[in-house]
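> Sequence plus predicted model, see below.
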Amino acid sequence: MTSDPPDRRYAVITPVRDEARTLPETIAAMVAQTHRPARWVIVDDGSSDQTPALAEQAAATHDWIRLVRRENRGHRKVGGGVVVAFNAGLRTLDLDDYDYVCKLDGDLVFGPEMFVGLMSRMEADPRLGSCSGKCWDRHGDQLVLLRMRDDHSCGACKFYRTTCFREIGGFVEEVMWDGIDVHRGRMLGWRAASFHDDDLKIIELRPMGSSQRSVLHGRFRWGYGQYFMGTHPLYALAIATYRLFEYPWIVGGVMILAGYVEGFIRARPRYEDEAFRRYLQDWQLTRLRLRKPSGGSEGASRK
């Protein structure tokens, strides 16, 4: 059991579109929290199903829940579209009122101690800028761990110290926003983490990357996102190789590499911050043991 954190206020923003099948379970998980958010903003991004009605019912029942509705653009816009919807919810908040802010997907379930646990870990480490639990995909009766680095926070549940969130400038409205944010924080001396603890376990009710067309399309988009972010080609190859040995077996890793290569061939736009791209590639080559640590801002003490 996680001990109660100090008296802290946090806000949660959940972008949703056509989540009627999964949103009730996420709402139930939020209502069951031992330390509920001061505000939970559910942003309906133009759903055509019962999603807004479910959110409206929850808001009518709980005064800490608010519904924001956006017009239907005619299709689901993954990646940057999620951030656009998140920012619509963010504009309804005054971050000065909150110690923490969280981007939470609408297709998740988690235990009643999750947010208490996240705040406790933040309180224990003042350099921890963002954190999450580990994510698991539900495949029938089986739970499959989604492999990710311990020094990254999960995109499905981005729990941020408000100070850090402001310093990184929020989320970039592009694909791979949930990688750029971690590295921008690292550049500024913040740490990110995802924890294996049971009280922080996040279960995804829909396979990661399958929200638009298919899991394979999601892997292709992931590869393009690595290209957009500025990932070094050798690190992209390492990612693709590593992902060969998880579902969807073999072909998933191939699709990641294909998405990255397609960005190069078509000379697609990249994240414009050149200093960020240099930092990112230095960090990546260091992880591949192809470059010695530069002694830069990673791990530096906060001022």
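Now that the structure is in, tell me what you want to look at.
> Please make it C-alpha for all contacts and neighbour counts, starting now.
OK.
> Okay, helices next: where are they in the protein?
Listed in chain order, the helices of the chain (DSSP state H) span 23-31, 51-61, 80-90, 114-124, 162-167, 177-187, 215-229, 233-242, 251-265, 274-287.
> Could you check the angle the last one makes with helix 215-229?
Put simply, helix 274-287 runs at 110 degrees to helix 215-229, going by axes from the mean of the first three to the mean of the last three Cα atoms, to 10 degrees.
> Report the distance from helix 274-287 to the chain centre.
21 Å (Cα atoms, centre = their mean, to the nearest Å).
> Can you tell me which of the helices of the chain is most buried?
Per-stretch averages of neighbours, counted by mean count of other Cα atoms under 10 Å, single out helix 215-229 among those, with a mean of 23.
> Mind giving me the packing neighbours of that one?
helix 251-265 (3 or more Cα pairs under 8 Å, 6 or more residues apart in numbering; DSSP states H and E).
> follow-up on the earlier one: could you export the helices of the chain to a markdown table, including columns for distance to L146 and mean pLDDT?
Formatted as a markdown table, these follow (distance: least, Cα to Cα, whole Å; pLDDT from 0 to 100):
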| stretch | distance to L146 | mean pLDDT |
| --- | --- | --- |
| helix 23-31 | 19 | 98 |
| helix 51-61 | 26 | 98 |
| helix 80-90 | 20 | 94 |
| helix 114-124 | 18 | 97 |
| helix 162-167 | 25 | 98 |
| helix 177-187 | 15 | 97 |
| helix 215-229 | 13 | 93 |
| helix 233-242 | 12 | 96 |
| helix 251-265 | 13 | 96 |
| helix 274-287 | 20 | 97 |
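> Tabulate those helices (TSV), appending distance to E204.
Shown next, in TSV, are the helices of the chain (distance: least, Cα to Cα, whole Å):
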stretch	distance to E204
helix 23-31	10
helix 51-61	17
helix 80-90	16
helix 114-124	15
helix 162-167	24
helix 177-187	16
helix 215-229	14
helix 233-242	21
helix 251-265	18
helix 274-287	28
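> looking at those, which is closest to S153?
helix 177-187 (7.4 Å; Cα to Cα).
> That closest one versus helix 215-229: what angle between them?
Going by the same axes, to 10 degrees, helix 177-187 makes 40 degrees with helix 215-229.
> how far is helix 177-187 from where the chain is centred?
11 Å.
> ok, now stretch 215-234?
16 Å.
> One more: stretch 158-171?
For stretch 158-171, the distance to the chain centre is 12 Å (Cα atoms, centre = their mean).
> same question, stretch 28-47
On Cα atoms, centre = their mean, the centre of stretch 28-47 falls 16 Å from the chain's centre.
> Now it: buried residues?
29-31, 33, 35-37, 39-47 (16 or more other Cα atoms under 10 Å).
> and which of those is nearest V109?
Using Cα to Cα, A29 is the member of these that sits closest to V109, with 5.9 Å.
> Now do the contacts for the closest one.
V109, F110, G111, P112 (Cα atoms under 8 Å, 6 or more residues apart in numbering).
> What is the burial count for the third one?
I take that to be G111. Using other Cα atoms under 10 Å, the number of residues around G111 comes to 17.
> do the same with the first one
Applying other Cα under 10 Å, we find 22 other residues in the vicinity of V109.
> Just to check, it is in contact with E204?
Yes - with contact defined as Cα atoms under 8 Å, V109 counts as touching E204 (6.8 Å).
> hang on, the earlier thing: out of the buried residues of stretch 28-47, which sit inside strands?
Per DSSP state E, strands hold the following members of these: R39, W40, V41, I42, V43, D44, D45.
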